[in-house]
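> Sequence first, then the predicted structure:
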Amino acid sequence: MTPDSDFTSIPILDLCTLRTNREQLLSELQGALINVGFFYVKGHGINPKLLEELSSQTVKFFDLPLDEKLKVDKIHSPTFLGYSSQGNEITKGSKDNREQFDFANELPDAWTSNRPIYERLSGPNLWPTENLAPDFTSTILSFHQEAQKLAEQLTRLVSECLGLHPNALANEYLVSGQQNRAKLIKYPSVDQLHLEDGTQGVGAHRDTGSLLTILYQANDLPGLQVQNHSGDWIDAPPIPNTFVVNIGTGLAYLVHNVVAATTHRVLNPPPGRGPRYSVPYFLSARMDKKLKPVEGIPKEILAKRPDNVITDSGHQFSHLYADDPGTYYLLNRISSHRDVGAKFYPELAAKYGIELGANTGY
Ligand SMILES: O=C(O)CCC(=O)C(=O)O
Ligand SMILES: [Fe+2]
């Protein structure tokens, strides 16, 4: 791709087209994957009422008193599920101005010390009590279920549009009972920030260790930006009843980087317009299997791979990535949330040289 044909907006794909003109949708999807790595989906079939309820529960959760939110803080769990307060996460060496609540499909606390350490990441959620947050848990879990179905459908479409069997990726890298994470995010209004909070909502990054991300922008504030191949930042503003989908480094690796795990970032919300809310869901590859680029993508599709892509994102632990996805993923969690790392994984952090005392990031 030459800089002249670089993208300047994010394509919108309508999944209803699958019923009327499947070939067209697959061709649009292929273009979006190879040239952009980001696209909106509409016609996804997820009930708009559920999405409204998700938005409202997200706002209500963050409006709870801080001491109640701290009762479900990540620090209480080796899974890194739960709440993290403002400024507690680090991307590219700087604090991110966001509060978060990480959740996943519910799994029991099954890890024992004779199992691989990364399996300790999978386990139960930390929920606020029902009387404090009525219908929160059921709404969040319903959304998770729907996002999971959509993500699996998209994985099959991605395979198909790259000339593979629709189940080529799913059969190898998705396994029932795996835990896929999602989170509620609040980017506080700049009027509520202190000077030392810095300027980033979340710094430039790729979604590491996941196959794809489905992002629901839960109110109408802009902030998400996507980096095109020339290094320019392109806005991805909220569009009602759509999701923004982007490709993670896991999927890109599996398909020989013919699809792009595109760099993105989030700016603080515009002044005077209140906080921005968003809900990303991350579909992950199974953690217990080495990643191996798939065979069978036709040469003419591989030849479309863009080169000379400029990115502001680093790439942590890449040496480990393909060989041991579970450990790679755990190290990323520790690095982003060092207080949880210090409590539950001090030996692993020391082994990989992650400084737990200094909360300074990379
Ligand atoms: O909040 C957003 O719009 C994007 C968040 C994001 O990129 C992430 O959490 O990986
Ligand atoms: Fe992201």
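Yep, it's here. Ligands and ions are numbered 1, 2, ... in the order given.

> Please report the confidence value the model assigns to Ala32.
If you check Ala32, the pLDDT there is 97.

> and it, helix, strand or coil?
Three-state call for Ala32 (DSSP: H, G, I helix; E, B strand; the rest coil): helix.

> how many neighbours does the closest residue to Ser284 other than its chain neighbours have?
Closest residue in space to Ser284, ignoring its immediate chain neighbours: Ser210 at 5.1 Å, by C-beta to C-beta, 6 or more residues apart in numbering. Quick note: C-beta positions are derived from backbone N, CA and C, even for glycine. For Ser210, the count of nearby residues is 24 (other C-beta atoms under 10 Å).

> The longest helix seen in the chain - contacts with which helices or strands?
Counting residues, the longest helix found in the chain (DSSP state H) is helix 136-161. Packing contacts for helix 136-161, counted by 3 or more C-beta pairs under 8 Å, 6 or more residues apart in numbering; DSSP states H and E, involve helix 22-35, helix 48-63, strand 99-104, helix 168-173, strand 181-187, strand 210-217, strand 276-284.

> In that helix, which residues are buried?
136-137, 139-144, 146-148, 150-161 (16 or more other C-beta atoms under 10 Å).

> That one vs ligand 1: in contact?
No. Judged by C-beta under 6 Å from any ligand atom, helix 136-161 and ligand 1 are separated, with a smallest distance of 13.9 Å.

> I figured Thr155 was touching Glu172, is that so?
No. Using C-beta atoms under 8 Å, Thr155 is not in contact with Glu172, being 10.7 Å away.

> Throw the helices and strands packed on helix 136-161 into TSV and include distance to ligand 1, thanks.
Shown next, in TSV, are these (distance: least, C-beta to the nearest ligand atom, whole Å):
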stretch	distance to ligand 1
helix 22-35	17
helix 48-63	12
strand 99-104	8
helix 168-173	20
strand 181-187	5
strand 210-217	6
strand 276-284	4
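
> Could you measure from Arg276 over to Ile140?
19 Å (C-beta to C-beta, to the nearest Å).

> Convert the C-alpha atoms of stretch 235-252 to PDB, please.
In PDB, the C-alpha atoms belonging to stretch 235-252 read as follows (Å, rounded to 0.1, in the frame of the first residue of the first chain):
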ATOM      1  CA  ASP A 235     -10.700   9.300  14.800                       C
ATOM      2  CA  ALA A 236     -13.100   6.400  15.500                       C
ATOM      3  CA  PRO A 237     -16.000   8.300  17.100                       C
ATOM      4  CA  PRO A 238     -19.000   6.400  18.600                       C
ATOM      5  CA  ILE A 239     -21.800   5.400  16.100                       C
ATOM      6  CA  PRO A 240     -25.000   4.300  17.800                       C
ATOM      7  CA  ASN A 241     -25.700   0.500  17.900                       C
ATOM      8  CA  THR A 242     -22.300  -0.400  16.400                       C
ATOM      9  CA  PHE A 243     -19.200  -2.100  17.800                       C
ATOM     10  CA  VAL A 244     -15.700  -1.200  16.800                       C
ATOM     11  CA  VAL A 245     -13.700  -4.300  16.100                       C
ATOM     12  CA  ASN A 246     -10.000  -4.500  16.000                       C
ATOM     13  CA  ILE A 247      -7.400  -7.200  15.500                       C
ATOM     14  CA  GLY A 248      -5.100  -8.300  18.300                       C
ATOM     15  CA  THR A 249      -1.500  -9.300  17.900                       C
ATOM     16  CA  GLY A 250      -2.500 -13.000  18.400                       C
ATOM     17  CA  LEU A 251      -4.600 -13.100  15.300                       C
ATOM     18  CA  ALA A 252      -2.100 -11.100  13.300                       C
END
